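K.L.:
coordinates only, sequence not included:
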């Protein structure tokens, strides 16, 4: 067994004797390992190295996670919930400091959490899984609506539409790789919606739209299900931070409610799937109704249009900048992504009246 990994595990106050350490999953951000224990009454653990290129402020990151998981645990205890260790992630303290949830080893930050046994994630997006996702992420927000701690932004301006448009305008002015002229029509169309799509930031400044604790990465595979197909808990908490609730609502629909992949160059296949929208929204409103303001509820169709618009702007920004942010499989990959998301945005815009009518009925 790798002695260095054993020495990292030894930094944490876990139960049991380490029997095996092996890779776990296919995460794109953090290195993840499964730590198996020898004793039948001891849990297994997940060991992760945090990617500081993505999350440079590990103290803030783990402070957010500590506040969120402890608050949810207290809520579950107050409700008399059973099997709580499977309904909220449990991060292990270090031996040196019981209030610290990560250890620095050879310059790298590591953390450990209890492995949730007999649980699975899902990859398939369908009405059933979308409704479960809506309810789970709405419940996640609802449980954190009264959290007393002030959380930090782990990725600054992540879903700030004004910031993303400024990035685009700066790269248009600089035109570092000479691509602006070839996509001028697309640029003009996207910028024509700029005022409409920065509504959230304006309402926030006016005090009409609160920032809440959001997950900010609401994918189907960021939930754990038990063997009876019930949602256990929301996972992958690195992006949990204050944001408008549109982040969790709109970002899920951006990927789940597209009839095709986000990089499909055949725009005739791109469209906004109202069946997925209705399923996700039904689940979301069932659990989020307790805290949503009338303004937030009214603007959910706006959120469904905002995120494909934002992603189109971001893909186009990267294309004009020489493809430095996202990995590309061919020279026009980012441009195809940008066009795909622009088409999805326009499709979602066409469905806004139908979306609003559905929400009014709930």
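P.N.:
The structure has been received and is ready for your questions. Please read these numbers as outputs of a predicted model, since none were measured by experiment. Residues are numbered from 1 along each chain as shown.
K.L.:
residues of stretch 82-91 that come out buried?
P.N.:
By neighbour count with 16 or more other Cβ atoms under 10 Å, stretch 82-91 contains the buried residues 84, 86-91. Just so you know, the C-beta spots here come from the backbone N, C-alpha and C atoms, and that holds for glycine as well.
K.L.:
for stretch 249-268, same thing?
P.N.:
249-258, 260, 262-265, 267.
K.L.:
likewise stretch 194-214?
P.N.:
197-198, 200-201, 203, 209, 212-214.
K.L.:
any chance of those residues in TSV with secondary structure as columns?
P.N.:
Output for the buried residues of stretch 194-214, formatted as TSV (DSSP: H, G, I helix; E, B strand; the rest coil):
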residue	secondary structure
197	helix
198	coil
200	helix
201	helix
203	helix
209	coil
212	strand
213	strand
214	strand
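K.L.:
ok, back up a step: just the ones of the buried residues of stretch 82-91 in strands?
P.N.:
Assigned to strands by DSSP state E, none of the buried residues of stretch 82-91 qualify.
K.L.:
in helices only, show me those.
P.N.:
Counting by DSSP state H, no part of those is found in helices.
K.L.:
need the max-distance pair from the buried residues of stretch 194-214.
P.N.:
197 and 213 (23.5 Å; Cβ to Cβ).
K.L.:
residue 20 sits in which helix or strand?
P.N.:
strand 18-23 (DSSP states H and E).
K.L.:
okay, the buried residues of stretch 82-91 in TSV with distance to residue 114 and pLDDT next?
P.N.:
Shown next, in TSV, are the buried residues of stretch 82-91 (distance: Cβ to Cβ, whole Å; pLDDT from 0 to 100):
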residue	distance to residue 114	pLDDT
84	11	91
86	9	91
87	12	93
88	10	94
89	8	95
90	4	95
91	8	97
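K.L.:
just the closest of these to residue 6, please.
P.N.:
Closest approach to residue 6 among the buried residues of stretch 82-91 (Cβ to Cβ): residue 91, at 19.5 Å.
K.L.:
may I have the residues that are in contact with that closest one?
P.N.:
Counting by Cβ atoms under 8 Å, 6 or more residues apart in numbering, residue 91 touches 62, 65-66, 69, 101, 111-113.
K.L.:
give me the buried entries from those residues.
P.N.:
Buried among the contacts of residue 91 by 16+ other Cβ under 10 Å: 62, 65-66, 69, 101, 111-113.
K.L.:
take these and keep only those in helices.
P.N.:
Of these, the ones assigned to helices by DSSP H are 62, 65-66, 69.
K.L.:
so where's the stretch 1-150 of the chain uncertain?
P.N.:
1, 26-30 (pLDDT under 70).
K.L.:
all strands of it, in order?
P.N.:
Along the stretch 1-150 of the chain, the stretches classed as strands by DSSP state E, counting those that start in this stretch are 18-23, 31-37, 45-49, 103-105, 108-114.
K.L.:
so which of those strands gets nearest residue 347?
P.N.:
Across those, residue 347 has its closest neighbour in strand 31-37 (35.9 Å, Cβ to Cβ).
K.L.:
and that closest one, what does it pack against?
P.N.:
Counting contacts by 3 or more Cβ pairs under 8 Å, 6 or more residues apart in numbering; DSSP states H and E, strand 31-37 is packed against strand 18-23, strand 45-49.
K.L.:
which one of the ones you listed is the most hemmed in?
P.N.:
Neighbour counts (mean count of other Cβ atoms under 10 Å) averaged over each of these peak at strand 45-49, with a mean of 20.
K.L.:
who does it pair up with?
P.N.:
When pairing is defined by DSSP bridges, strand 45-49 lines up against strand 31-37 (antiparallel), strand 108-114 (antiparallel).
K.L.:
now do it against strand 18-23, angle only.
P.N.:
50 degrees (axes from the mean of the first three to the mean of the last three Cα atoms, to 10 degrees).
K.L.:
contact partners of strand 45-49?
P.N.:
Against strand 45-49 from outside (Cβ under 8 Å, 6+ apart): 5, 8-9, 12, 14, 21, 24, 30-35, 37, 92, 108-115.
K.L.:
run the chain-centre distance for it.
P.N.:
Counting by Cα atoms, centre = their mean, to the nearest Å, strand 45-49 is centred 20 Å from the centre of its parent chain.
K.L.:
can you map out the helices along the stretch 201-350 of the chain?
P.N.:
246-256, 274-288, 294-298, 300-320, 333-350 (DSSP state H, counting those that start in this stretch).
K.L.:
and for residue 100, the neighbour number?
P.N.:
For residue 100, the count of nearby residues is 17 (other Cβ atoms under 10 Å).
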